[in-house]
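S.K.: Sequence first, predicted model second:
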Amino acid sequence: MALVKDAISFNGVGQTFATESGPLTALDGVDLTIAQHQFVAVLGPSGCGKSTLLRLTAGLMAATSGTVSVHGLPVTAPRDDVGIVFQQATLLPWATVADNVTFPARHKRGRVDDKDRARAAEVIAAVGLSGFEKRLPSELSGGMQQRVGIARALFLNPDILLMDEPFSALDALTRDAMGYELLKLWQASPKTVMFITHSIPEAVLLADRVVVMSARPGRIIADLEVPLGRPRDEASLRAPEVQDFAAHLRELLIAKEPVL
Amino acid sequence: MTTSADIAAPEAQRTRPPRLPLGDRLIAMPVALPLLTFATILIVWEAAARLFAIPSFILPAPTRILQGFGAVDVGRWVEHVWATLRVALIGYGVAIAVSLPIAVGLAKSRLLSRALYPLLVVIQSVPVVAVAPIIIVVLGTDDAPRVVITFMIAFFPLVVSMTTGLMATPPELIELSRSLRAPQHREISQIRLPYAVPYIFSGLKISITLAVIGAVVSEFVAADVGIGYFIQFSTSMFKLPQAWAGLVILVALSLSLFQLVSLAQRLLFPWSLPKART
């Protein structure tokens, strides 16, 4: 493991989709490395191919050009050590919280054993939902549903967590609270996180590094360290250098946002 | 004591909800209101039939229709109902059994969907009433042709609703399934099929009433028992009140089957029901 420090690496990755109006270049010449247990936020305007980065890493699609590697090996198929949290919680509406969390086991192996149930209780507790195991998703708030989504992604204890704008469907207050929760989770059990977002405060609060992407075709236009130590709280966001950093990110985004 | 009561009384009056307008109060009676409408229609019908002396072969009064039930004894009614019910249910069952694999195929394979769907539309466009005599000649006069006719009329909405349902799964869940490298059959059984349940049930509800229609149509063409046969036979004898009685039984049969399907959904898949408005 000492040889392979990079959890995720992109080498000259391009992605072109065939659409009815001709080929569409979503990603162009992306080079990016994410070290083990680093928290990287990918920031960019809508439709800049952020989600494509995530799906390439998950092995859900193959790059048109270049290579995507995870732990030093090219990604050719979906991997076990990757957990995904989607924009919507996308829980199974007929299954309880506990059954939604153990779903990966039931889906992969066809059954759920006592070890799975114990693990589910553990991750449900970690996301603060103990006592809600028997509830159906429809009985939970949006924030609680997304907690279940995160618990489901953590269930198989992946080394890499891919999060595709996981809090963007939540209201502003819940969104902030979820950000702090995620920080706590990550500090308690470090993982390599690729966090797709279009929220500057969210990226600054959570990430070690912020990767800024341009609008289509998606290219990396900046790759910046967040000038903020850990642990972080509400107060740390108010530091002047952090404010400057956020302003700089905003300039980068606005400059690259196409004028309609 | 008296003072507190004096104070409480106007308090209670003030918090009492305001009297709703008549229209709103009627809307709040989901069972009573349609029953009231139905009873009113029956009374007007009965009165009109008596007042204008409408001949019973044109429009028998409700009371005459009631007498029509006595045209044959209960045992014979049961035979008629059972014949129609049996054909309707077998045809319905065959339609479900056939449409499920077709729907899975259509939902999973673009090739199959391109190749098969136009053919399904053609089959659906064939007027079943027109093919019924041909099918009877080909398949004989027992239950088989009647089941086939019922199947033909009931299966298309099932295929459409099942296919739509199987495709309605959120794409993220399919990605989750792929990322877990789960076997295909589990993607269908654990994600796509349960997601399709509300769609499947809307198809099942449409098709159960169509199945009754299919059974009756097949009895019109060739049968010696069944409600369709009974209506055909009664009208040919100008015994309209008993034909109407047959019709009433048919409606009751259709409604009961429809309610049974709805009940099955409520009991087995309560989460699949649309959220109640509050």
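M.R.: Arrived safely. Numbers count the residues shown, from 1 in each chain, chains lettered A, B, ... in the order given.

S.K.: what stretches of the chain score poorly on pLDDT?
M.R.: Let's take chain A. A:1-4, A:255-260 (pLDDT under 70).

S.K.: Chain B is the one I meant
M.R.: Across chain B (using pLDDT under 70), the flagged ranges come out as B:1-18, B:275-278.

S.K.: which helix is the longest one in it?
M.R.: Longest helix in chain B by number of residues (criterion: DSSP state H): helix B:74-108.

S.K.: Contact residues of chain B facing chain A?
M.R.: Those residues of chain B that sit near chain A, judged by Cβ under 8 Å from any Cβ of the partner chain, are B:170, B:172-173, B:175-182, B:186-187, B:190-191, B:194, B:197, B:269, B:271-272, B:275. From N, CA and C alone the C-beta is placed, and that goes for glycine too.

S.K.: which residues of the chain fall in helices?
M.R.: Let's take chain A. Going by DSSP H, chain A shows helices at A:50-58, A:97-101, A:103-109, A:114-126, A:142-154, A:172-188, A:200-206, A:240-256.

S.K.: not what I meant, chain B
M.R.: B:2-15, B:22-27, B:32-51, B:62-68, B:74-108, B:110-125, B:128-139, B:143-167, B:171-179, B:184-186, B:193-221, B:227-236, B:240-268.

S.K.: for chain B, what are the nearby residues on chain A?
M.R.: A:55, A:58-60, A:77-80, A:82, A:84, A:86-88, A:90, A:92-94, A:103-104, A:106-108, A:110, A:136, A:138.

S.K.: Please flag which of those sit within strands.
M.R.: A:82, A:84 (DSSP state E).

S.K.: What subset of the residues of chain A next to chain B is buried?
M.R.: A:55, A:58-60, A:78-79, A:82, A:84, A:86-88, A:90, A:92, A:94, A:103-104, A:106-108, A:136 (16 or more other Cβ atoms under 10 Å in any protein chain shown).

S.K.: Relative to residue A:199, which of the helices of chain B is closest?
M.R.: Distance to residue A:199, taken as Cβ to Cβ, is lowest for helix B:171-179 among these, at 20.0 Å.

S.K.: what packs against that closest one?
M.R.: Other helices and strands packing on helix B:171-179, by 3 or more Cβ pairs under 8 Å, 6 or more residues apart in numbering or on different chains; DSSP states H and E, are helix A:50-58, strand A:82-85, helix A:103-109.

S.K.: What lies in contact with the second one?
M.R.: Counting by Cβ atoms under 8 Å, 6 or more residues apart in numbering or on different chains, the neighbours of strand A:82-85 from elsewhere in the structure are A:54, A:57-59, A:70, A:146, A:149-150, A:153-156, A:158-164, A:166, B:175-176, B:179.

S.K.: strands paired with that strand, and their directions?
M.R.: strand A:160-164 (parallel) (DSSP bridges).

S.K.: so the strand it pairs with versus helix A:172-188, what angle?
M.R.: Orientation check (axes from the mean of the first three to the mean of the last three Cα atoms, to 10 degrees): strand A:160-164 against helix A:172-188 gives 170 degrees.

S.K.: Who are the contact partners of residue 169?
M.R.: Assuming you mean chain A. Residue A:169 neighbours (Cβ under 8 Å, 6+ apart): A:87-88, A:142, A:146.

S.K.: please go with chain B instead
M.R.: B:191-192, B:195-196.

S.K.: Using a markdown table, lay out the helices of chain A together with distance to residue B:249.
M.R.: A markdown table is the format used below for the helices of chain A (distance: least, Cβ to Cβ, whole Å):
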| stretch | distance to residue B:249 |
| --- | --- |
| helix A:50-58 | 58 |
| helix A:97-101 | 45 |
| helix A:103-109 | 47 |
| helix A:114-126 | 53 |
| helix A:142-154 | 49 |
| helix A:172-188 | 57 |
| helix A:200-206 | 65 |
| helix A:240-256 | 71 |
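
S.K.: With adjacent residues omitted, what lies nearest to residue 231?
M.R.: Going with chain A. residue A:187 (6.5 Å; Cβ to Cβ, 6 or more residues apart in numbering or on different chains).

S.K.: ah, I was thinking of chain B
M.R.: Closest to residue B:231 by Cβ to Cβ, 6+ apart is residue B:246, at 4.4 Å.

S.K.: isn't the one you found right next to residue B:235, touching?
M.R.: No. In this structure residue B:246 lies outside contact range of residue B:235 using Cβ atoms under 8 Å: 9.4 Å.

S.K.: Pull the number of nearby residues for the nearest residue to residue B:105 once chain neighbours are set aside.
M.R.: Once flanking residues are discounted, residue B:105 sits nearest to residue B:112: 4.6 Å by Cβ to Cβ, 6+ apart. By other Cβ atoms under 10 Å in any protein chain shown, the residues close to residue B:112 number 14.

S.K.: pretty sure residue B:112 contacts residue B:103?
M.R.: No. Between residue B:112 and residue B:103 there is no contact under Cβ under 8 Å: 10.6 Å.

S.K.: which parts of stretch B:62-71 are buried?
M.R.: So, applying 16+ other Cβ under 10 Å, buried residues of stretch B:62-71: B:64-65, B:68-69, B:71.

S.K.: nope, stretch A:96-115 is what I was after
M.R.: A:96-108, A:112.

S.K.: Stretch B:88-103 too?
M.R.: B:88-92, B:94-96, B:99-100, B:102-103.

S.K.: Now tabulate these in CSV and tack on distance to residue A:33.
M.R.: Compiled in CSV, these are given as follows (distance: Cβ to Cβ, whole Å):
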residue, distance to residue A:33
B:88, 66
B:89, 64
B:90, 65
B:91, 63
B:92, 60
B:94, 59
B:95, 57
B:96, 54
B:99, 51
B:100, 48
B:102, 49
B:103, 46
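
S.K.: ok, those residues vs residue A:225, which is closest?
M.R.: Closest to residue A:225, out of all of the buried residues of stretch B:88-103 and judged by Cβ to Cβ, is residue B:103, at 52.8 Å.

S.K.: shouldn't the closest one be in contact with residue B:166?
M.R.: Yes. Between residue B:103 and residue B:166 there is a contact at 5.9 Å, judged by Cβ under 8 Å.

S.K.: Please enumerate the shared neighbours of the two.
M.R.: Joint contacts of residue B:103 and residue B:166 (Cβ under 8 Å, 6+ apart) do not exist.

S.K.: Is there a neighbour count for residue 134? I'd like the number.
M.R.: Picked chain A for this. Neighbour number of residue A:134 under other Cβ under 10 Å is 10.

S.K.: meant chain B, my bad for not saying
M.R.: 11.
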